[in-house]
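> sequence plus predicted model, see below.
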Amino acid sequence: MAYLSDDELLDTEVGFTGWDDGTGAGAEETLEQALAEERLAELESELEQDEHPINYEAELEDEEEEAAPVSDKRLKREMRAEAIRRLEEAARTEKDFRAVVEEWNKLDRNRERRERDHENLRGDVPLEYQAVPEPKLIPRWMNNPAYRQLMAGNFLDILFDCPYEMHNLTADAFISRMVEELSEEHKEVLYFLSLRLYSTTRLAAVRGQSDRNIRKLRKTIHKKLQRQMYDYLCGKQEHGGGLTLRERQFLEEYSKIARKQGKDAVIRRENKTERRKKKNHP
């Protein structure tokens with residue numbers, strides 16, 4: 001049997017040059033046209049911002065306002081949120097519910113307007129790389145953020161993706177030190193339940209323990225971390241440091257539980273839904 005040389009293989013009609021994957025001149029022209037339209041939309045957006053600039057930073061708090069216990073901008077946001085909440089609770093008729101939906105639609109329109117000022121949304125196809133919507137050679141998983149981050153040389157998130165280095169995944173010095181000081185057993189349980197999102201049954205099978213033991217370990221870890229976080233936030237608040245809305249909610253919720261349970265207080269997030277009420281059979 002006679003084999004073709006490399007040059008003959010490339011010149012033949014059934015070789016690589018003759019293979020048609022649907023990305024011929026027509027498909028390439030379509031992608032180039034779509035890319036040109038996207039760049040034109042970006043240019044129009046930039047011109048619009050130059051002619052009619054919108055100062056979005058005016059709605060944000062500066063360092064002094066963020067550190068202060070009370071801020072006018074923060075109060076305005078909380079007042080808007082409280083107004084919508086009361087509107088939702090007071091809704092009874094179809095007209096009332098339409099007013100609630102209109103308020104949420106207004107917030108969505110404002111958010112979309114801010115996004116349009118900074119970026120132009122696109123589909124699933126990265127036009128700059130002339131990618132094919134339905135590729136035959138390069139799979140779609142190679143275009144996910146984790147793989148692109150790896151190919152770009154950003155290895156930190158990958159190197160720290162383990163129980164003993166996961167404390168480096170956060171930029172908060174207190175949280176990083178708090179997680180780093182956990183025992184190896186607690187680090188492993190916290191890693192697989194919180195980052196890998198394992199169920200307690202699955203982790204129990206991996207570690208050769210019972211599901212009850214894993215749930216007990218999880219409660220112990222949460223109780224220890226939440227107590228340290230509560231003490232840290234209380235000290236921060238006493239020294240006049242500003243707290244985020246999430247931190248204030250945590251302090252309020254933990255304080256209520258601590259008054260009832262004392263040192264054994266822990267906020268449990270295992271059950272996301274309420275238990276079903278038992279039906280009384282006649």
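Done, it's in.
> OK, contacts around residue 32?
Taking Cβ atoms under 8 Å, 6 or more residues apart in numbering, we find residue 32 in contact with no residue. The way it works is simple: take the backbone N, C-alpha and C, and place the C-beta from them, glycine included.
> mind checking how far it is from residue 39?
11 Å (Cβ to Cβ, to the nearest Å).
> and residue 90, by the same measure?
With Cβ to Cβ as the criterion, residue 90 and residue 39 are 48 Å apart.
> which of these two has more residues huddled nearby?
Comparing residue 90 with residue 39 by other Cβ atoms under 10 Å, the one with more neighbours is residue 39, at 13 against 10.
> tell me the SS of that one?
Following DSSP: H, G, I helix; E, B strand; the rest coil, the label given to residue 39 is helix.
> and it, what is it in contact with?
Per Cβ under 8 Å, 6+ apart, neighbours of residue 39: none.
> helix/strand/coil for residue 267?
With three-state DSSP as the criterion, residue 267 reads coil.
> could you do residue 224 as well?
Residue 224 is classified as helix under three-state DSSP.
> tell me how many other residues crowd it.
16.
> quick one: it from residue 64, how far?
35 Å.
> for residue 209, same thing?
51 Å.
> more crowded one of those two?
Using other Cβ under 10 Å as the criterion, residue 209 and residue 64 rank with residue 209 on top: 15 against 9.
> which parts of whichever strand or helix holds residue 101 are buried?
Here residue 101, judged by DSSP states H and E, is contained in helix 94-118. Residues of helix 94-118 classed as buried by neighbour count (16 or more other Cβ atoms under 10 Å): none.
> what's stretch 157-171 in contact with?
By Cβ under 8 Å, 6+ apart, stretch 157-171 touches 146, 149-150, 156, 175-177, 179-180, 184, 187-188, 190-192, 195.
> any idea of the mean pLDDT for that stretch?
When pLDDT is averaged along stretch 157-171, the result is 88.
> could you list the buried residues of that stretch?
Buried, per 16+ other Cβ under 10 Å, within stretch 157-171: 163, 166, 167.
> cool, stretch 175-186 as well?
Neighbour-count burial for stretch 175-186 flags 175, 178, 179, 182, 186 (criterion: 16+ other Cβ under 10 Å).
> name the nearest residue to the fourth one, ignoring sequence neighbours.
Distances taken as Cβ to Cβ, 6 or more residues apart in numbering put residue 190 closest to residue 182, at 6.8 Å, once the chain neighbours are dropped.
> before we move on, what's the pLDDT of the one you found?
93.
> one more: residue 259?
So, for residue 259, pLDDT stands at 88.
> for it, give its distance to residue 229.
Taking Cβ to Cβ, one finds residue 259 at 17 Å from residue 229.
> those two: who's more crowded?
residue 229 (17 against 9).
> wait, that one sits on residue 172?
No. Checked against Cβ atoms under 8 Å, the pair residue 229 and residue 172 is beyond contact range at 10.4 Å.
> where does this structure dip in pLDDT?
1-28, 31, 45-46, 48-50, 52-61, 114-138, 140, 143-145, 269-282 (pLDDT under 70).
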